[in-house]
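Colleague: would you be able to build a 3D model of this:
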Amino acid sequence: MPNSDVNPLLLDFLESFESDRLLIRAPLWGDGAIVNEAVHETIEELRPWMPWAQSLPSLDASEEDIRKARLSFLNRSDLRLLLLSKDTGALIGCSGLHRIDWDIRKFEIGYWLRTTCVGQGYMTEAVGAIEQFAIRELGANRIEIRCDSRNRRSANVAERAGFTHEATLRSDSIAVDGTLRDTLIYAKVRGVEY
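Modeller: All right, here's what the predicted structure looks like:
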């Protein structure tokens, strides 16, 4: 049931949780270095899809971005999550719950994975764990994954995680390369998929 009286600042919920192989947690001050390293390794794979990945960030820029993400997590406006290997502690990627509508409890899962970790099922595992976190901890009524229709890897994660392809928004926005892009929308909805 929608609740227009939700004050997200008063919501208490976990800042970390686990899946089989991953520790998934909110960003902390000082995480800029590990994110910077992963972005530098993965920049060529990120560049076609992520507007923020058009140039290599400095270490200071990555730390500033992490600190802003921490503040956004605390004020509940955006819930970025770091994906860390439980075995090695290494950052394998980033995800989170974005474009939040607290009144209807709608969230969008976004994600990227560092190059050396692609093809090992990490992102599908992370999406499943984040989905369960959103349902249990945040009372999600709707969870979406949106991606450029040309980004097959991202769409494949949504499909493997059991999200339903609801729509393709044709010429929905401008892609990083300046062309019009189609946006795929995948979703899970309370009472239908969970």
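Colleague: residue 164: neighbour count?
Modeller: 13 (other C-beta atoms under 10 Å). C-betas here are computed from N, CA, C, even on glycine.
Colleague: spit out the contact partners of the nearest residue to it once chain neighbours are set aside.
Modeller: Spatial nearest neighbour of residue 164, excluding adjacent residues (C-beta to C-beta, 6 or more residues apart in numbering): residue 187 at 6.0 Å. Residue 187 makes contacts with 142, 143, 144, 145, 163, 164, 166, as judged by C-beta atoms under 8 Å, 6 or more residues apart in numbering.
Colleague: how about the fourth one, what does it touch?
Modeller: Yep, that's residue 145 we're talking about. Counted by C-beta under 8 Å, 6+ apart, residue 145 has contacts 108, 109, 110, 127, 154, 157, 158, 161, 163, 185, 186, 187.
Colleague: what's the following helix or strand after the helix or strand hosting it?
Modeller: Assigned by DSSP states H and E, residue 145 falls within strand 142-148. Proceeding N to C from strand 142-148, the next assigned helix or strand is helix 152-160, under DSSP H and E.
Colleague: in that next one, which residues are buried?
Modeller: Neighbour counts using 16 or more other C-beta atoms under 10 Å place 154, 155, 157, 158, 159 of helix 152-160 among the buried residues.
Colleague: and the helix or strand that contains the residue nearest to residue 164, what's buried?
Modeller: Secondary structure from DSSP H and E places residue 187 in strand 180-189. By 16+ other C-beta under 10 Å, the buried positions in strand 180-189 come out as 181, 183, 184, 185, 186, 187, 188.
Colleague: go through stretch 5-21 and flag the buried ones.
Modeller: Buried, per 16+ other C-beta under 10 Å, within stretch 5-21: 6, 17, 19, 21.
Colleague: ends of it, how far apart?
Modeller: Stretch 5-21 has its terminal residues 37 Å apart, counting by C-alpha to C-alpha, to the nearest Å.
Colleague: residues contacting it, please?
Modeller: Residues outside stretch 5-21 that contact it (C-beta under 8 Å, 6+ apart): 23-26, 73, 75-77, 85-87, 100, 102-103, 105, 122, 125-126, 128-129, 133, 137-138.
Colleague: now list the buried members of these.
Modeller: Here, 16+ other C-beta under 10 Å leaves 24-26, 73, 76, 100, 102, 105, 122, 125-126, 129, 133, 138 buried among the contacts of stretch 5-21.
Colleague: restricted to helices, list those.
Modeller: Judged by DSSP state H, the buried ones among the contacts of stretch 5-21 include 73, 122, 125, 126, 129, 133, 138 as members of helices.
Colleague: and the strands in this structure?
Modeller: Along the chain, counting by DSSP state E, strands occupy 16-18, 22-25, 79-85, 91-101, 106-113, 142-148, 164-174, 180-189.
Colleague: those: which one's closest to residue 38?
Modeller: Smallest distance to residue 38 across the strands of the chain (C-beta to C-beta): 5.0 Å, for strand 91-101.
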